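> Quick one, what's the 3D model for this:
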Amino acid sequence: MSTLAPRLRFKEFESTFFSKVTLGNVTDYFKGFAFKSVDYTYVGVKNNRIIRVSDLISDSIKNNNSMIFYPEIKDDNVDKYRIKYEDIIVTTVGSRPELKESAVGRGIYITSQHNGFLNQNLLVLRSKKSNVSKFIAAQINTNRYIEYIKSIQRGNANQANITVADLLKYTVFVSTTSEQQKIADFLTSVDTKISLLTEKHRLLKDYKKGVMQQIFSQKIRFKDDDGKAFPDWKEKLLGDIATFTKGKSISKADISIDGMTPCIRYGELYTTYAEVIESVVSATNLPIGGLLLSKANDVIVPSSGETQWDIATAACVKLSDVAYSGDLTVIRTSLNGVFLSYYFNSAKKREIASLSQGSSVIHLYSTHLKSLKIEIPCKAEQQKIAQFLQSLDKKINAVNEQIEQTKLFKKGLLQQMFV
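Numbers count the residues shown, from 1 in each chain. So this is what the prediction gives:
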């Protein structure tokens, strides 16, 4: 049995060492049950929910997806598959192990009671009496753990699997029960902070969504600096007040290491989406010439996507001289671009989606956008709306930054404790 002296430690425990043991030494396990479709229903009580691989996200069980339940009237012979508080769930079949949703080997620490039953392709690790489950769970999903799962995975590019025997050979560090508990309590306090910040982030996003609906339905109106009401909004066709241009199709041959022009492409726009883009989202550099370059106040709309909702989004670019790729449509107008991008993503998102065409790949053409009827406030009210919504986004982004920093802090702690 090897030992470790962690870099970071509570002072009262500094005279002792961590011992290195296998996961099988410190936990008992059981596999999930292969529930058949004839055995479950789509309505039921939370305590009888059946947890599947697809129900897991990066660190918890989903509560917003389609759930299945084991009927209460059935026999109790499945009770041995019930998940308990402080269990660790691990997926034995899933996608590649880089900790995406449903990834093979992912470990989920259970923080609540009444979690239901475990389905097939999952197993429960339950800490043995002298060990603290939260302490053991903290050593799962670390970089070292992910690398280990990569080394034992089998299967193809689409689906991987691991054996229980290999999983239980993974090495973890243990100390006295009192030290494990103190570390677990501290990590719980960090997790609580992350949870509170995450809830704050969610509430701010919900508030933003609600207030946008109120603003663009004109149930909430702004006033001018003298407290007077702004004029009524006017309805116009987008095609009467805007011009539409498609970006330039870009191939690998167009890209140059000596290029001077950065480029915005659909992939980056979609994955890093926000109503207002204030910096370049792509590192692609292109040689100058023959490109459609951005201007401040441009609004861009993806002109194709896998679903209607992919192309119902718009983003305002507050920078100049950036190239647009060919899968983007650029809207130029005298309207406040920031206002228009928020307006599209709230009041007009469903309507824009309905204008698109196609089956496997959805397309949205400028001829469709030209026919879009929009209601427009005066310039001054556009500005007030844009500034208000941008201020909300700053608060949302600040909280998100706090979440990421706290997660990095926790990651750093774990590295110093267990590496």
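
> Got phi/psi on N297?
Per-residue torsions, N297: phi 90, psi 0 (degrees, to the nearest 10).

> so how far is L319 from the nearest residue to it once chain neighbours are set aside?
Distance criterion CB to CB, 6 or more residues apart in numbering; nearest residue to N297, sequence neighbours excluded, is G337 at 3.9 Å. Bear in mind the C-beta positions are built from the backbone N, C-alpha and C, glycine included. According to CB to CB, to the nearest Å, G337 stands 12 Å off from L319.

> Just give me the neighbour total for the residue nearest to N297.
G337 has 26 neighbouring residues, counting by other CB atoms under 10 Å.

> was I right about it contacting V299?
Yes: at 4.9 Å, G337 counts as touching V299 under the criterion of CB atoms under 8 Å.

> Which residues are in contact with each of these two?
Common contacts of G337 and V299, defined by CB atoms under 8 Å, 6 or more residues apart in numbering, comprise C316, V317.

> hey, where'd the strands end up in the stretch 1-150 of the chain?
Counting by DSSP state E, counting those that start in this stretch, the segments of the stretch 1-150 of the chain that form strands are 3-4, 18-22, 27-31, 50-51, 88-91, 93-94, 107-109, 117-118, 122-127.

> Could you dump those strands into CSV with mean neighbour count and distance to I376 added?
Compiled in CSV, the strands of the stretch 1-150 of the chain are given as follows (neighbours: other CB atoms under 10 Å; distance: least, CB to CB, whole Å):
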stretch, mean neighbour count, distance to I376
strand 3-4, 12, 65
strand 18-22, 16, 65
strand 27-31, 15, 61
strand 50-51, 23, 50
strand 88-91, 24, 51
strand 93-94, 20, 49
strand 107-109, 22, 49
strand 117-118, 23, 55
strand 122-127, 20, 53
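
> out of those, which comes closest to T243?
Ranking the strands of the stretch 1-150 of the chain by their distance to T243 (criterion: CB to CB) puts strand 93-94 first, at 47.8 Å.

> counting contacts, what elements does that closest one pack onto?
If you count contacts as 3 or more CB pairs under 8 Å, 6 or more residues apart in numbering; DSSP states H and E, strand 93-94 packs onto strand 160-161.

> what's the first-to-last distance across stretch 126-141?
Stretch 126-141 has an end-to-end distance of 16 Å (CA to CA, to the nearest Å).

> Start from the N-terminal end of the chain and give the helices.
For the chain, the helices defined by DSSP state H occupy 23-26, 133-137, 143-152, 164-167, 177-216, 238-241, 266-271, 337-346, 349-355, 366-370, 379-418.

> Tell me which of those helices lies nearest to N64.
helix 177-216 (11.4 Å).

> so how far is that closest one off the chain centroid?
With CA atoms, centre = their mean, to the nearest Å as the basis, helix 177-216 stands 14 Å off its chain's centre.

> list the buried ones in that helix?
The neighbour-count check on helix 177-216 (16 or more other CB atoms under 10 Å) flags 179-180, 182-184, 187, 191, 194, 197, 200-201, 204, 208, 211-212, 215-216 as buried.

> Same question for stretch 383-402.
K384, I385, A386, L389, L392, D393, I396, V399, N400, Q402.

> Just confirm A242 contacts T329, I think it does.
No: the pair A242 / T329 is not scored as a contact, 10.6 Å apart, by CB under 8 Å.

> Cool, thanks, talk later.
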